[in-house]
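In: build the 3D model from these lines:
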Amino acid sequence: MRAEGWIQNVSRIVDLEEGRLFIAAKKGYRNWVSHFGEDFQVDTKLSQVSTATLSYLAQGKDKGTFYLYDLIMNLEKLGSGFEFNEVDARNKMKVIDRYLFLLDRIRFECMKRMGWIDDYPGEASTIVELVTRFDELAPGMQAKTPTLSRSHAGYGEFEKLNAFDREAYVRRLIPKILQEIKD
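Out: All right, here's what the predicted structure looks like:
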């Protein structure tokens, strides 16, 4: 009987954590829903977000940055994106690290949709997981390079590069993808 009671308590703890995450995601996505007119949930992946929304966020400017900060800060229990300038330096860095990590994934998803890359680290994760499990996921994902598509004009050059230069090659595509999706 004791083991059964313990299992029920653990189950309640898990349910409480899932509930807290659901509420934080709902708060974090509230401005996204009103601005982008899409449905965002705890289990939403970047592949499920419209191209228009990704294009807006990928630019990494002004309001796009606010929407990402707002989501991150709500998920990390730091308030809303409006309060970014009021958080202490340590938490600002926490938000910025997650922002840059998430911004990379958004840009990689844009590249994938354009057929420039075949896959990228983190595409199987939800947006919420990319933020809330950052400390666990980011080191492994940041160590991997997206796979340039064989159909990309620069694939022959890319294939000859070492791992470090391949990452630099993909990163040099970012301004090009931003221009492409902006037009």
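
In: dump the residue contacts of Pro120.
Out: Residue 120: Tyr, not Pro. Contact partners of Tyr120, counting by C-beta atoms under 8 Å, 6 or more residues apart in numbering, are Arg105, Phe108, Glu109, Met111, Lys112, Pro146, Thr147. In short, each C-beta sits where N, CA and C put it, glycine included.

In: could these go into JSON lines alongside neighbour count, pLDDT and distance to Tyr67?
Out: Below are those laid out as JSON lines (neighbours: other C-beta atoms under 10 Å; pLDDT from 0 to 100; distance: C-beta to C-beta, whole Å):
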{"residue": "Arg105", "neighbour count": "21", "pLDDT": "98", "distance to Tyr67": "15"}
{"residue": "Phe108", "neighbour count": "24", "pLDDT": "98", "distance to Tyr67": "18"}
{"residue": "Glu109", "neighbour count": "23", "pLDDT": "98", "distance to Tyr67": "15"}
{"residue": "Met111", "neighbour count": "25", "pLDDT": "97", "distance to Tyr67": "20"}
{"residue": "Lys112", "neighbour count": "19", "pLDDT": "97", "distance to Tyr67": "21"}
{"residue": "Pro146", "neighbour count": "25", "pLDDT": "96", "distance to Tyr67": "23"}
{"residue": "Thr147", "neighbour count": "15", "pLDDT": "94", "distance to Tyr67": "28"}
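
In: okay, and which of the residues you listed map to helices?
Out: Using DSSP state H, Arg105, Phe108, Glu109, Met111, Lys112 are the members of these that sit in helices.

In: closest one of those residues to Ala138?
Out: Nearest to Ala138 among these: Arg105, at 10.2 Å, using C-beta to C-beta.

In: having no further points to raise, I will conclude here.
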